[in-house]
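1. A structural model of the following input is requested.
(2 chains)
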There are 2 protein chains.
Amino acid sequence: MNHPRLALKQDMPRVLELIQELATFEKETDAVEINSSDLQQDGFGSHPKFTCFVLEEDDTIEGIALVYPRYSTWKGEILHLEDLIVSEKYRGKGLGTRLLDAVVKYAKQIGVKRVSWEVLDWNESAIKFYQSKGANVMRDWDVVQLDQHGIENYINNIN
Amino acid sequence: MNHPRLALKQDMPRVLELIQELATFEKETDAVEINSSDLQQDGFGSHPKFTCFVLEEDDTIEGIALVYPRYSTWKGEILHLEDLIVSEKYRGKGLGTRLLDAVVKYAKQIGVKRVSWEVLDWNESAIKFYQSKGANVMRDWDVVQLDQHGIENYINNIN
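-> As a prediction, this is how the structure comes out:
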């Protein structure tokens, strides 16, 4: 059984494939605006914007967990899990658990008091999985976004 | 009419008071585990973990907006608004709008493609306010958290 390892710069094209696969699952295929060079620049410069774990099966990356620090005004620095992705072919084989294990161990290692992430409320299998791990799915909290178009509109309306 | 300004290190004790006031409003008074020295260290070191805007009325800070970068695997670097707080005394007087204006201008200035935040789904006045500004309140996305106790339990169960 393989264990997750830290991603290398050259893993980013495959990481992007998995990101795109998840976007398709979430019915947002066209929403992915970054490319693998962006991931290479953003994750492997002098101030990396994320840390990525990858998990291989048969010499191919079939799962990723991508994290970065956030700041809670209640708890201080926390760790945010932006994406936990397992390729469709390898779902239900324990890869998600091994990746989440790596993330929680990393959280403990860097000494944060919380790991946070977000889940679609219709993704019942993901929710059950997270709850079985002791996570609190806060159904009374919603995510709010102002997108690029919204930012432009907003600025135009205040100027 | 005052405009928001960047917070100074010495503003942090008052910023913490507003953070505590919001925690009480959210029925989580005891959840605030950081103190004003933490805020001073975390926000004003060589690698600040957040940027804070403050808004004064009658020489007292009556509103804050605290932001930091996040990383979207679809959009690249984005800006997250962790807290937008106006003191109870000054609610409904336009301070929230002025603070959100400052945040969106800052987002535009640093060139991110999204501003994200979270809202309690029973906080209808906040939701209406955000929607009136063009934000998308994604009620199908829930926030998930594994807290400090959960991290310890998780680790104990995999070792």
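2. how about the helix or strand hosting A:Met12 as PDB, C-alpha atoms only?
-> For A:Met12, the element it lies in under DSSP states H and E is helix A:12-25. Only the C-alpha atoms of helix A:12-25 are listed here, as PDB (Å, rounded to 0.1, in the frame of the first residue of the first chain):
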ATOM      1  CA  MET A  12       1.400  19.400 -11.600                       C
ATOM      2  CA  PRO A  13       0.100  18.400 -15.000                       C
ATOM      3  CA  ARG A  14      -1.400  15.200 -13.500                       C
ATOM      4  CA  VAL A  15      -2.600  17.200 -10.500                       C
ATOM      5  CA  LEU A  16      -4.400  19.500 -12.900                       C
ATOM      6  CA  GLU A  17      -6.100  16.500 -14.600                       C
ATOM      7  CA  LEU A  18      -7.500  15.500 -11.300                       C
ATOM      8  CA  ILE A  19      -8.600  19.100 -10.500                       C
ATOM      9  CA  GLN A  20     -10.400  19.100 -13.900                       C
ATOM     10  CA  GLU A  21     -12.000  15.700 -13.200                       C
ATOM     11  CA  LEU A  22     -13.500  17.100  -9.900                       C
ATOM     12  CA  ALA A  23     -14.700  20.200 -11.600                       C
ATOM     13  CA  THR A  24     -16.600  18.100 -14.100                       C
ATOM     14  CA  PHE A  25     -18.100  16.000 -11.300                       C
END
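3. run the angle between the helix or strand following that helix and helix A:12-25 for me.
-> Using DSSP H and E, the helix or strand that follows helix A:12-25 in sequence is helix A:36-43. In terms of direction (axes from the mean of the first three to the mean of the last three CA atoms, to 10 degrees), helix A:36-43 departs from helix A:12-25 by 110 degrees.
4. contacts for the following helix or strand past helix A:36-43?
-> Following helix A:36-43 in sequence order, the next helix or strand is strand A:51-57 (DSSP H and E). With contact meaning CB atoms under 8 Å, 6 or more residues apart in numbering or on different chains, strand A:51-57 is reached by A:2-7, A:11, A:14-15, A:43, A:61-68, A:90, A:95, A:98-99, A:102-103, A:106. Glycine gets a C-beta too; all of them are placed from N, C-alpha and C.
5. report the distance from the helix holding A:Met12 to the chain centre.
-> 11 Å (CA atoms, centre = their mean, to the nearest Å).
6. do any residues in the helix or strand hosting A:Tyr106 lie close to chain B?
-> Element membership for A:Tyr106, per DSSP H and E: helix A:95-110. Yes: against chain B, helix A:95-110 shows contacts by CB under 8 Å from any CB of the partner chain at A:101, A:104-105, A:107-108.
7. then that helix to PDB, C-alphas only?
-> Output of helix A:95-110 as PDB, limited to C-alpha atoms (Å, rounded to 0.1, in the frame of the first residue of the first chain):
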ATOM      1  CA  LEU A  95      -7.200   6.500  -1.100                       C
ATOM      2  CA  GLY A  96      -9.300   9.300   0.400                       C
ATOM      3  CA  THR A  97      -8.600   8.000   3.900                       C
ATOM      4  CA  ARG A  98      -4.900   7.800   3.400                       C
ATOM      5  CA  LEU A  99      -4.800  11.300   2.000                       C
ATOM      6  CA  LEU A 100      -6.900  12.700   4.800                       C
ATOM      7  CA  ASP A 101      -4.600  10.900   7.300                       C
ATOM      8  CA  ALA A 102      -1.600  12.700   5.700                       C
ATOM      9  CA  VAL A 103      -3.400  16.100   6.000                       C
ATOM     10  CA  VAL A 104      -4.400  15.600   9.700                       C
ATOM     11  CA  LYS A 105      -0.900  14.400  10.600                       C
ATOM     12  CA  TYR A 106       0.500  17.500   8.800                       C
ATOM     13  CA  ALA A 107      -1.900  19.700  10.800                       C
ATOM     14  CA  LYS A 108      -0.700  18.100  14.000                       C
ATOM     15  CA  GLN A 109       2.900  18.500  13.000                       C
ATOM     16  CA  ILE A 110       2.600  22.300  12.200                       C
END
